[in-house]
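> I'll drop the sequence and a predicted model, then ask my questions.
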Amino acid sequence: MSKTLKFLGAVGTTMFAALPAFAQEAVEKAADGPIKAPTAEQMAGMVDKGDTTWMLISSALVLLMSVPALALFYGGLVRTKNMLSLLMQVFMIVSIAALVWVSWGYSLAFTSGTPFIGGFSKLFLQGVDATTVAATFSNNVYIPEYAFVAFQMTFACITPALIVGAFAERIKFTPLMLFVVAWLTIVYFPIAHMVWYWAGPDFLVDAPTDTGYLWGMGALDFAGGTVVHINAGIAGLVGCIMIGKRVGYGKEATPPHSLTMTMIGASLLWVGWFGFNAGSNLEANGLAALAFLNTFVATAAAAVAWCLIEQFHHGKPSLLGAVTGAVAGLVAITPASGFASPMTSILLGFAASGICYIFVAYVKNKLKYDDTLDVFGVHCVGGIVGAIATAIVADPALGGQGWLDYTVFPAVAGEYDMAGQMVTQIKAVVLTLLWSGIGSAILFFILDKIIGLRPTEDAEREGLDLTEHGERAYNY
Amino acid sequence: MHCTTIALKNHWGVCMKYIIAIIKPHKLDPVREALTALGVSGMTVTEVKGFGRQKGQTEIYRGAEYATNMVPKVKIEVACASDQAPAVIEAIQHAAETGAIGDGKIFEFELAGALRIRTGDTNETAL
């Protein structure tokens, strides 16, 4: 096959329109193999309008998860004087991350380069146009590359926004924005590349080593347990330890200022998460519906579990507990959403809730780190539970989907080895923890030395709304 | 001597009381109804926090317990003629009573004068 074609396939996308010379050969091979150089007619049948529609809707749903869902979920949990700062941080992180993504993020994450990071061939989206396409998980099925760029962009937007909850109420705005740009570049894009980049179902056989490091190892992460949640969760933990505790932590009461906002935010997160998980299937088919249903029931199970634990532990089920459990369930099902069955998803939701509860209610207080909004306890711990449990629930013997061997056409189910898969999952978790933990520590250290991360004590007492933004969230 | 109070300016005998009651928030409506039935034509209500013999409550957020010493209450302020004061106080007491600790307190003050801003009416006429 042509070098050009191989290169293009290897980056996970193929410029069909640019390759008319191969058309005739492709038609002849269409029946018995992947269509690597389709005609315009074949392409029309390979890019489905339903898939495209679903991906665009999913992208909008994942944006909904950041603004307003995450902003309200976090904002409701801080004190009134810091509400606006959380809204502003999340809103601007999303805006900045979107610009970074189309400038160099997409290229670094989803083009061929080393196993650890992509190349510069699609900087500023060069080479991407309305006719280029991105691979899905099915042979000879593609989606418009712009839809893929937009969908993945929303993931790059929400991940750094998740981090801010760990050091909410005590970070200056400008260094935080600089941190986000740097963190995306040296932590998020490499991890996304390692976990999600591969040559695509029709080209893997020609380029079996052209994958991200963790993808090549066989790590399963359907919608971002490692890339999004463990990644952000450990960065948050490192940040909250390096920045230090809030003034008055442990002495002054810091109850949430509006659990109404938090409930609205958590509920919108749940809705948006259908785009996050079911959208990660990249096609509108039965597996997307499976991911959708798994996302629904795992979350419900986790909410119920958290309330039951509180009922036994404190005698009262709390709204904050219910929504925290729900988010823990959403996080945990994320890597497993396309692999588990609905019944194993429920068990995963129960387990995630219990383990996250231990971290949120006990471990944090015992170790005395001030993870303001439990980014570590919910996202990192929930992500680890989900990533490791994926090895169990993906087992076809338990009704899971297993993994597909794309080295033959059409792809067939690979032989499933639960113990081996679990080792692989643990390796992926550890690599993500180390990469993001160390990378984040370096960035926080440098930014703290250069411009300082923390506002003055007086500013912190007055609240970041006025001192950082000159506004109040509420004027009444 | 320059007169500074409404009472002195009008040379009227002062026969009014100012009553402040701190009650449980959910007892506001019964108290308002009881006072309206007595012919009390106005009151001022404020949401307040405070503590007395009633212990505060414990709030738990994700396992973090906060003891809140200050309990939410409602403060009612009523001005009335002195001869009406015992009936007003009794009405508030009956309407606000639950029998549990934390029902609140009623304070009675002498009121030196009153003036309705719109008409200039003073003292009992202004109530």
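Looks like it came in fine.

> who in chain A is up against chain B?
Proximity of chain A to chain B is confined to A:253, A:255-256, A:314, A:316, A:318, A:320-321, A:324, A:357, A:360-362, A:365, A:374 under the rule C-beta under 8 Å from any C-beta of the partner chain. Just so you know, the C-beta spots here come from the backbone N, C-alpha and C atoms, and that holds for glycine as well.

> burial of whichever residue of the stretch 351-476 of chain A sits closest to chain B, as a residue count?
Relative to chain B, the nearest point of the stretch 351-476 of chain A is residue A:361 (2.8 Å; C-beta to the nearest C-beta). Counted with other C-beta atoms under 10 Å in any protein chain shown, the neighbours of residue A:361 add up to 22.

> between the residues of chain A next to chain B, which is closest to residue A:124?
residue A:374 (37.5 Å; C-beta to C-beta).

> doesn't residue A:165 make contact with the closest one?
Yes. Taking contacts as C-beta atoms under 8 Å, residue A:374 lies within contact range of residue A:165: 7.4 Å.

> So those two - more neighbours on which side?
Neighbours were counted for residue A:374 and for residue A:165 using other C-beta under 10 Å; residue A:165 has more, 30 against 26.

> what sits against that one?
Residues near residue A:165 by C-beta atoms under 8 Å, 6 or more residues apart in numbering or on different chains: A:74, A:77, A:86, A:236, A:371-375.

> again, 7 Å this time
Neighbour list for residue A:165: A:74, A:236, A:372-373, A:375 [criterion: C-beta atoms under 7 Å, 6 or more residues apart in numbering or on different chains].

> May I ask which two of these are separated the most?
Largest separation among the contacts of residue A:165 by C-beta to C-beta: A:74 and A:236, giving 11.4 Å.

> Compare neighbour counts for those two and give me the winner.
Higher neighbour count among residue A:74 and residue A:236: residue A:236, with 29 against 26, using other C-beta under 10 Å.

> Next up, the contacts around the more buried one.
Residue A:236 makes contact with A:163, A:165-166, A:371, A:375-376 under the criterion C-beta under 7 Å, 6+ apart.

> The residue of the stretch 351-476 of chain A closest to chain B and residue B:61 touch, don't they?
No. Taking contacts as C-beta atoms under 7 Å, residue A:361 lies outside contact range of residue B:61: 10.1 Å.

> Which positions in chain B make contact with chain A?
With C-beta under 7 Å from any C-beta of the partner chain as the criterion, chain B comes near chain A at residues B:59-63, B:66.

> From those, pick the one nearest chain A.
Nearest to chain A among those: residue B:63, at 2.8 Å, using C-beta to the nearest C-beta.

> Need the pLDDT of the residue in the stretch 1-150 of chain A that chain B sits nearest to.
In the stretch 1-150 of chain A, the residue that lies nearest chain B is residue A:77 (8.2 Å; C-beta to the nearest C-beta). Model confidence at residue A:77, expressed as pLDDT, equals 97.

> Pull the contacting residues for it.
When contacts are counted by C-beta under 7 Å, 6+ apart, residue A:77 is found next to A:256, A:262, A:373.

> For residue A:202, which non-adjacent residue is closest in space?
In this structure, residue A:202 finds its nearest non-sequential neighbour in residue A:34, 3.4 Å apart by C-beta to C-beta, 6 or more residues apart in numbering or on different chains.
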